[in-house]
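# Got a sequence here, can you build the structure:
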Amino acid sequence: MNPMIPLLLTVAFLGVLLVVFQLVATRFGVMRVEQKLDRLMAKLGVDPHPPLSDRVKELAREGRKIEAIKLLRAETGAGLAEAKAAVEAYQASAGG
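As a prediction, this is how the structure comes out:
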């Protein structure tokens with residue numbers, strides 16, 4: 001066996017660990033910024049949820065949640081999680 005193989009595997013493993021650590025640290029940093037932004041928006045009285053068009057509401061009422069989410073994302077540029085939460089919140093409040 002080539003004596004360089006264990007060394008290369010060790011270096012590769014350490015590289016992967018470094019990348020994972022950086023990803024976790026970045027995610028926690030983003031979470032802190034999101035929390036600060038949420039507090040700021042609440043203090044200013046800004047609604048963080050995207051507005052729902054009549055068509056999105058209609059799809060949600062009909063139980064066509066995926067279509068409603070897709071349309072909301074297309075209309076507002078909202079992310080998937082944000083649009084899903086908004087449609088589900090509307091469905092819960094509308095009894096759908």
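
# how is this protein carved up into domains?
1-48, 54-94 (automatic domain parsing).

# I'd like the ones you listed as CSV, with mean neighbour count and mean pLDDT appended.
Backbone N, C-alpha and C define where each C-beta goes, glycine included. As requested, the domains of the chain are arranged in CSV below (neighbours: other C-beta atoms under 10 Å; pLDDT from 0 to 100):
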stretch, mean neighbour count, mean pLDDT
domain 1-48, 10, 91
domain 54-94, 16, 93
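
# Run through the helices of this structure in chain order.
4-44, 54-61, 65-76, 80-94 (DSSP state H).

# what's the distance between the longest one and the middle of its chain?
On the basis of C-alpha atoms, centre = their mean, to the nearest Å, helix 4-44 is displaced by 16 Å from the centre of the chain it belongs to.

# and if you look at stretch 81-91?
Taking C-alpha atoms, centre = their mean, the mean C-alpha location of stretch 81-91 is offset from the chain mean by 12 Å.

# do stretch 76-96 as well
Using C-alpha atoms, centre = their mean, the mean C-alpha position of stretch 76-96 is found 13 Å from that of the whole chain.

# and for that stretch, what are the contacting residues?
49-52, 56-57, 60-63, 65, 68-69, 72-73 (C-beta atoms under 8 Å, 6 or more residues apart in numbering).

# Tell me the one of the residues you listed nearest residue 41?
If you rank those by distance to residue 41 using C-beta to C-beta, residue 49 comes first, at 10.4 Å.

# Dump stretch 3-13 to PDB, keeping only the CA atoms.
As requested, the backbone C-alpha atoms of stretch 3-13 are provided in PDB (Å, rounded to 0.1, in the frame of the first residue of the first chain):
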ATOM      1  CA  PRO A   3       2.200   5.400   2.300                       C
ATOM      2  CA  MET A   4       0.700   8.500   0.900                       C
ATOM      3  CA  ILE A   5      -2.800   7.100   0.900                       C
ATOM      4  CA  PRO A   6      -3.500   7.400   4.700                       C
ATOM      5  CA  LEU A   7      -2.100  11.000   4.600                       C
ATOM      6  CA  LEU A   8      -4.300  11.900   1.600                       C
ATOM      7  CA  LEU A   9      -7.400  10.400   3.300                       C
ATOM      8  CA  THR A  10      -6.600  12.300   6.500                       C
ATOM      9  CA  VAL A  11      -6.200  15.600   4.600                       C
ATOM     10  CA  ALA A  12      -9.500  14.900   2.700                       C
ATOM     11  CA  PHE A  13     -11.300  14.100   5.900                       C
END
